[in-house]
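Participant: just to be clear, the model below is a prediction. Sequence and coordinates:
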Amino acid sequence: MSKSCFKLVSSYQPTGDQPEAIEALTKGVLRGDRAQALVGVTGSGKTFTMANIIAKCNRPTLVLAHNKTLAAQLCSEFREFFPENAVEYFVSYYDYYQPEAYIPGKDLYIEKDSAVNDEIDRLRHSATSALFERRDVIIVSSVSCIYSLGDPAEYQKLVLALRPGMEMSMDELALRLIAIQYSRNDVALERDKFRIRGDVFDIMPASGKNAIRVEFFGDEIDRICEINVVTGEIIGVLSYAAIYPASHYATSDEKKEAAIREIECEMLDRVAEFQAEGKLIEAQRIAERTKYDMEMLREVGFCSGVENYSRVLSGRAPGSTPYTLLDYFPEDFLLFIDESHVTIPQVRGMSGGDLARKKNLVEFGFRLPSAYDNRPLFFPEFESKLNQTIYVSATPGDYEREHASQLVEQIIRPTGLVDPKVEIRPVKGQIDDLMGEIRARARRKTNAFSSLR
């Protein structure tokens, strides 16, 4: 793993309340404070303060925002501050998402329907792979970071490491790529695909914009290059290339077979349970759906709704905490929760809605009970995974005030501008007061025009 340090690039220096805030919060992090709060008014430069703290503490950092738009804005700003470091973007990869659901009152089953944004999926893979390769990583994320993801140990274990001089046949490389859910396409080289032309392999990684070209001499890797996908131009010669799995749910063949056996046992138990209760339609439904999913997993390593089997595929115990993006970070990572007064309640409420939707699916035979374990983190689980946190908000809530060891205020803006004065006047006589203000404003405008003449 790279030991690179964060390098903050900016033509500005901290001003106003920023220097004091940066010093106080950095000291809090270095002495081990579990939680702190940055209370800053709008326009006071809280993002620049966060960037300075990251540069001084030099730890992998997660910045949590409450929606995609805010996350994209923060990611863009951090990329300007840290052009030489890895600043990644991790949000839901759906452009459109209709979750699977069942409405008993209308006997209406709504099949999952979605449109995956390929570029956002690439950025998600780029984020997780960066955490395995270096420490100078900032990931800006939405609450997608608390949703179930594959086992990070299994994900890292399946990384295909290639070096010049390595003995490996072309057939073996093709099979190993297929095992981590890449597919062959000799016509168009797209993400998660590879092509073979003579003794040359071109691989488009799940996390990259450029392709990896592997040239063979017999059963030995002769040369590895990074190439431009469009022009075929060689960008650089590599001494090492790591090909990460095309899915965060990829598993080894042994683990996959064990998971399929466990899924089959759970299906048989569920069928017997439904039959004992006289629910024959539900029994037939769960048997047909699960057998189809098992066959897809066995043949292609993937099925629609594979995330519902994430607990089984990762070998976790029933009811255990799911793996999420937080598990991909090292233990000493730093967390900033932006707009914490909105983000924390959102994190707290995610699991309730997910459980309500899955309950009908499980009770009416559309999903096995193990689907319950494909869920966002419960709030206590989220808290247990945190190392050190800085809440960032103009109006922190009760939670932040109760948990923060110190509240650092950032009131004075770098521009020196202050908020306009606010007067609170009684309701009684408000119309007369308003008319008086209008007349005063009209007189000032008349006087201004007179002076111009």
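Facilitator: Arrived safely, thanks for sending. Just so we're clear, the structure is a prediction, and the values are computed from it rather than from any experiment.

Participant: thought residue 226 was touching residue 232?
Facilitator: No - the criterion here is CB atoms under 8 Å, and residue 226 misses it with residue 232 at 11.7 Å. Where C-beta positions appear, they are placed from N, C-alpha and C, glycine not excepted.

Participant: which of those two has more neighbours?
Facilitator: residue 226 (16 against 11; other CB atoms under 10 Å).

Participant: for that one, pull up the helix or strand it's in.
Facilitator: strand 220-227 (DSSP states H and E).

Participant: do residue 87 as well
Facilitator: strand 86-90.

Participant: return the list of strands paired to that strand, each annotated with direction.
Facilitator: strand 137-141 (parallel) (DSSP bridges).

Participant: pLDDT of the partner strand, averaged?
Facilitator: Strand 137-141 carries an average pLDDT of 97.

Participant: stretch 188-207 too?
Facilitator: Stretch 188-207 shows a mean pLDDT of 91.

Participant: any idea how far apart the tips of it sit?
Facilitator: This stretch, stretch 188-207, spans 17 Å end to end (CA to CA, to the nearest Å).

Participant: show me what counts as buried in that stretch.
Facilitator: Buried residues in stretch 188-207, counted by 16 or more other CB atoms under 10 Å: 189, 191-196, 201-207.

Participant: mind listing the strands for the stretch 51-200 of the chain?
Facilitator: Counting by DSSP state E, counting those that start in this stretch, one finds strands in the stretch 51-200 of the chain at the ranges 61-64, 86-90, 94-98, 101-103, 108-110, 113-116, 137-141, 160-162, 183-184, 193-197, 200-204.

Participant: tell me where the stretch 151-300 of the chain has helices.
Facilitator: Taking DSSP state H, counting those that start in this stretch to define them, one finds helices in the stretch 151-300 of the chain at 152-157, 170-179, 253-276, 280-300.

Participant: who wins for proximity to residue 310 among those?
Facilitator: Among those, the nearest to residue 310 by CB to CB is helix 253-276 (9.8 Å).

Participant: okay, the angle between the closest one and helix 170-179?
Facilitator: 40 degrees (axes from the mean of the first three to the mean of the last three CA atoms, to 10 degrees).

Participant: tell me, what residue is most central in this structure?
Facilitator: The centre of the chain sits closest to residue 90, judged by CA atoms, centre = their mean, with a distance of 3.3 Å.

Participant: the nearest residue to residue 199 once chain neighbours are set aside and residue 353, how far apart?
Facilitator: In this structure, residue 199 finds its nearest non-sequential neighbour in residue 216, 4.4 Å apart by CB to CB, 6 or more residues apart in numbering. Distance of residue 216 to residue 353, given as CB to CB, to the nearest Å: 51 Å.
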